[in-house]
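J.: Predicted structure and sequence below. I'll ask about it afterward.
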Amino acid sequence: MKPRHTHLTSECIAVSDVLARVGDKWSVLVVTRLGGGPMRFNELRRSVSGISQRMLTLTLRGLERDGLVTRTVFPTIPPRVDYELTALGRDLLKPVSALGEWAIHNQSKIARAREQFDGMAKKAPASERLHARLNGLVQAVRRN
């Protein structure tokens, strides 16, 4: 059975494109850190635990390309480079912060749900798990 909607509307493509940028973990962390004001590259790298120099560079370039971050080079020796949120980036900070607060507030509930789910999956025999998975696929196909 073929899905009825095989093409994406231009709105879906645009939303997917934007969410791919602002939804990745490094972008979220960088935007959050820059919410406190301008930062230099190494200062930013130290404040984002686990990010490599290359990943921070790529993330900052992507955020700059999308108009969320500005890069200012000061003509000193050695050159000083600051990164700062644009007005659009500061606007993004609001929903990103809200999502972060929601995650912190609900992390114990999510952990309990995962434990419960994983416990049930381990208790069921393999044939039952396969049957349940196939049943779910059949239902999904019928809905489409």
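T.: Nice, I can see it.

J.: In stretch 68-86, which of the residues would be classed as buried?
T.: 68, 69, 82, 83, 85, 86 (16 or more other C-beta atoms under 10 Å). For glycine as for every other residue, the C-beta is placed from the backbone atoms N, C-alpha and C.

J.: What average pLDDT does it get?
T.: When pLDDT is averaged along stretch 68-86, the result is 93.

J.: How about residues contacting it?
T.: 21-22, 30-31, 34-35, 37-41, 44, 60, 63-64, 67, 88-89, 92-93 (C-beta atoms under 8 Å, 6 or more residues apart in numbering).

J.: repeat that for 6 Å
T.: Here stretch 68-86 makes contact (C-beta atoms under 6 Å, 6 or more residues apart in numbering) with 34, 38, 39, 40, 41, 60, 63, 64, 67, 88, 89.

J.: swap in stretch 46-59?
T.: Contacts for stretch 46-59 (C-beta under 6 Å, 6+ apart): 26, 27, 29, 30, 33, 45.

J.: Where does pLDDT dip in the protein?
T.: 1-8, 121, 124-131, 134, 137-138, 140-144 (pLDDT under 70).

J.: Quick check: chain neighbours aside, which residue is closest to residue 63?
T.: For residue 63, ignoring the flanking residues on the chain, the nearest one in space by C-beta to C-beta, 6 or more residues apart in numbering is residue 69 at 4.0 Å.

J.: Just list whatever residues bridge to that neighbour.
T.: residue 85 (DSSP bridges).

J.: and the gap between it and residue 110?
T.: 30 Å (C-beta to C-beta, to the nearest Å).

J.: Check residue 35 too.
T.: Relative to residue 110, residue 35 is positioned 24 Å away (C-beta to C-beta).

J.: Kindly report the same for residue 15.
T.: For residue 15 relative to residue 110 (C-beta to C-beta), the value is 24 Å.

J.: What lies in contact with whichever strand or helix holds residue 30?
T.: Element membership for residue 30 (DSSP states H and E) is helix 25-34. Helix 25-34 is contacted by residues 47, 48, 51, 55, 59, 85, 92, 96 when judged by C-beta under 6 Å, 6+ apart.

J.: which among these end up buried?
T.: With burial judged by 16+ other C-beta under 10 Å, the buried subset of these is 48, 51, 59, 85, 92, 96.
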